[in-house]
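Participant: Dropping a prediction and its sequence here:
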Amino acid sequence: MSKDKNEANIGQVKYLLNKLRYITLAVQILPFIYSFLYIFSLILYLICDESILRILDTLFYVSPIVVCGFLVESHILKLCKWHKSACILPILPQAIVLTDAYIVKLTSIEAQIAIITPIVLSVLLLIAAYNVFFK
């Protein structure tokens, strides 16, 4: 009987380890996928009309609370600084918008900088992804 019980326990441990692997993989990859999609949507903001922009806003808004959740998961799993940077990337464009709306109105040069931001974010995301997945 104890042999059957030990095999059942080993089976449960293997099941839990596989679940942990899948969860860890999802936590590692999701911020990169989301950041890529979000940056792509920021580029679409430059060329799409208002009705499409409302849909993009609905699909890709990232709450700072979600970003904090990504960072907590990253910390718990002891993931690298590049993973944490991918978690934070979606907040940067929102900081620009909030600054423009509530703190100080952006000048035309600052608005151009806001347009360049998705390009910079894309480069940062590529660097982060390279450092996480290829090094």
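Facilitator: Nice, I can see it.
Participant: before we move on, what SS does Phe40 have?
Facilitator: Here Phe40 is helix, with the state taken from DSSP: H, G, I helix; E, B strand; the rest coil.
Participant: For the residue most central in space within the chain, give me the pLDDT.
Facilitator: Closest to where the C-alpha atoms of the chain average out (CA atoms, centre = their mean) is Pro31, at 2.8 Å. For Pro31, the pLDDT comes out at 80.
Participant: what's the answer for the one 5 residues further on, then?
Facilitator: At Phe36 the predicted local distance difference test score is 79.
Participant: Quick check: the residue lying closest to it once chain neighbours are set aside vs Ile119, distance?
Facilitator: Excluding the flanking residues, the one nearest Phe36 by CB to CB, 6 or more residues apart in numbering is Leu125, at 6.2 Å. In short, each C-beta sits where N, CA and C put it, glycine included. Leu125 sits 11 Å away from Ile119, going by CB to CB, to the nearest Å.
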